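what's the 3D shape of this:
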Amino acid sequence: MNILLTFDYELFFNETDYSENEVLIGPTYMLDSIMSQYGINGTFFVDMSSIVRYEQLGMSSFPIMVKEQIETLYRRGNDIQLHTHPHWYNSYYERGKWNFDNQKYCLSSFSDAEVRSIVKHEKEQLEKMLKAHHEEYSCTAFRAGGFCVQPFNIMDSALFDAGIKVDSSILTGGFLDNGIHRYDFRKVPRQDRYSWTMLDENLHSINELPIGVIENKFLKFYIWKIMERLNTGELKGKPSDTKKNETQWLLKVRDRIKAAWNEPLLLCLDQIHYLAMIKALSFIEKKNKKASVVILMHPKFLTDPVLENFKKFIDEVKTNHSTWCFKTIRDVENDV
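Numbering: from 1, shown residues only. The predicted structure follows:
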């Protein structure tokens, strides 16, 4: 079984008192250092919307740090791919803080032409950052911010036109629509990889590597209620607020109740304990010994307990699960 460690390389979209270096650059180097110790690599999905917006406003220090870091990551064997959070384009910087307009959180909030332009431009900018010293590099995979990769026909055209071969945005079984943040994956194939032609025969052959989930209700209950929970500690910022303010607290209560039973359990190492992750992966392996399972992490959510959880997970796999192999998206992109 293949384990694909993937990292959404992005800043906070809400309040934070920490610098870009403290939120993203430093934690990313810590994660890469752990992987280097074990001789493995991961896939970093770089949020290019933020980089482009910083450059548009003449704020060059952060893009320079990112360029230096992703060159280091790539040189060490990591995979670098495209991530996008398009609400950055309507955000502005004032009095030392970013102000975000989450009404444009999803790519579907933009016109078809704008979606194609955003994906194409960001892919070109990412390639430009790496090709200066690595001519062989090309961006071939994409992850939509917040899993917002629908409508499929619009995203299919945008990805195909940009030369993207692989998507890793789908949260199998997931559903959300609060007026700002929306996706519906309740009817997608229950497979670890497939072509978008299975979603609609009129789409191009974009290969999907969905983010790993557990839909089995009894296993979800066991993991959340019986197994040890991960105490993440204090974060360096607040998660993005994509709910309408007047009913925010009601929505949170409702969403928690629904998620406990109906929503899939996201295989995210900054949310669940490493032993719970091992339990989930063992369940998947029993069903498909050749599965490729995409695991999600966010460097911005890195705390001391999360870093320790990450290290213990890798050590457990290396020590007790010899048939599990750590791979990158690029390693398996042609296996669909």
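
mind listing the strands in the stretch 151-300 of the chain by residue range?
166-167, 175-177, 182-184, 194-195, 207-208, 213-214, 265-266, 292-297 (DSSP state E, counting those that start in this stretch).

mind giving me TSV with these and columns for mean pLDDT?
Shown next, in TSV, are the strands of the stretch 151-300 of the chain (pLDDT from 0 to 100):
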stretch	mean pLDDT
strand 166-167	98
strand 175-177	94
strand 182-184	95
strand 194-195	97
strand 207-208	98
strand 213-214	96
strand 265-266	96
strand 292-297	98
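
And E94, what's its pLDDT?
What the model reports for E94 is a pLDDT of 91.

Point out where the stretch 201-336 of the chain drops to low pLDDT.
Scanning the stretch 201-336 of the chain for pLDDT under 70 picks out the ranges 239-261, 336.

How about residues contacting stretch 14-29?
7, 9-12, 44, 62, 65-66, 69, 73, 97, 100, 236-241, 299-300, 302 (C-beta atoms under 8 Å, 6 or more residues apart in numbering). Every C-beta, even on glycine, is put in place using the N, C-alpha and C of the backbone.

Those residues in helices, which ones?
F62, M65, V66, Q69, L73 (DSSP state H).

What is the neighbour count of the second one?
So that's M65. Using other C-beta atoms under 10 Å, M65 has 15 neighbouring residues.

Could you do the last one as well?
For L73, the tally of surrounding residues (other C-beta under 10 Å) stands at 25.

ok, it - contacts?
Applying C-beta under 8 Å, 6+ apart, the residues near L73 are T28, D32, F44, I80.

List the ones among the residues you listed that fall in helices.
Short answer: the contacts of L73 in helices (DSSP H) are T28, D32.

filter the contacts of L73 to the buried ones?
Burial by neighbour count, 16 or more other C-beta atoms under 10 Å: within these this picks out T28, D32, F44, I80.

Export those as JSON lines, with columns for distance to L266.
What follows is the buried ones among the contacts of L73, written out as JSON lines (distance: C-beta to C-beta, whole Å):
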{"residue": "T28", "distance to L266": "21"}
{"residue": "D32", "distance to L266": "23"}
{"residue": "F44", "distance to L266": "18"}
{"residue": "I80", "distance to L266": "23"}
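
Tell me the one of those nearest F283?
F44 (27.2 Å; C-beta to C-beta).

and the closest residue to T328 other than its chain neighbours, how far is that from K318?
Sequence neighbours aside, D79 is the residue nearest to T328 in space, at 3.7 Å (criterion: C-beta to C-beta, 6 or more residues apart in numbering). Taking C-beta to C-beta, to the nearest Å as the measure, D79 falls 20 Å from K318.

who has more neighbours, the two?
When D79 and K318 are compared for neighbours, D79 comes out ahead with 24 against 14, by other C-beta under 10 Å.

Surely that one touches F45?
No: in this structure D79 lies outside contact range of F45 using C-beta atoms under 8 Å: 9.2 Å.

Next, show the common contact partners of the two.
A141.

And the helices in the stretch 151-300 of the chain, which stretches?
For the stretch 151-300 of the chain, the helices defined by DSSP state H, counting those that start in this stretch cover 152-162, 217-221, 248-261, 274-287.

Next: the stretch 1-150 of the chain.
Under DSSP H, counting those that start in this stretch, the stretch 1-150 of the chain gives helices at 20, 26-38, 48-56, 61-75, 112-131.

any chance of those in JSON lines, with mean pLDDT and distance to A162 too?
Formatted as JSON lines, the helices of the stretch 1-150 of the chain follow (pLDDT from 0 to 100; distance: least, C-beta to C-beta, whole Å):
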{"stretch": "helix 20", "mean pLDDT": "96", "distance to A162": "26"}
{"stretch": "helix 26-38", "mean pLDDT": "98", "distance to A162": "25"}
{"stretch": "helix 48-56", "mean pLDDT": "97", "distance to A162": "12"}
{"stretch": "helix 61-75", "mean pLDDT": "97", "distance to A162": "19"}
{"stretch": "helix 112-131", "mean pLDDT": "97", "distance to A162": "5"}
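
out of these, which comes closest to L265?
helix 26-38 (22.2 Å).

List the residues that contact F160.
Contacts of F160 (C-beta under 8 Å, 6+ apart): H204, I206.

In TSV, list the helices of the stretch 1-150 of the chain along with distance to V332.
Output for the helices of the stretch 1-150 of the chain, formatted as TSV (distance: least, C-beta to C-beta, whole Å):
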stretch	distance to V332
helix 20	31
helix 26-38	17
helix 48-56	23
helix 61-75	18
helix 112-131	20
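
how close does the closest residue to N288 other than its chain neighbours get to E114?
Excluding its sequence neighbours, the residue lying closest to N288 (C-beta to C-beta, 6+ apart) is D192, at 6.5 Å. Using C-beta to C-beta, D192 is found at 32 Å from E114.
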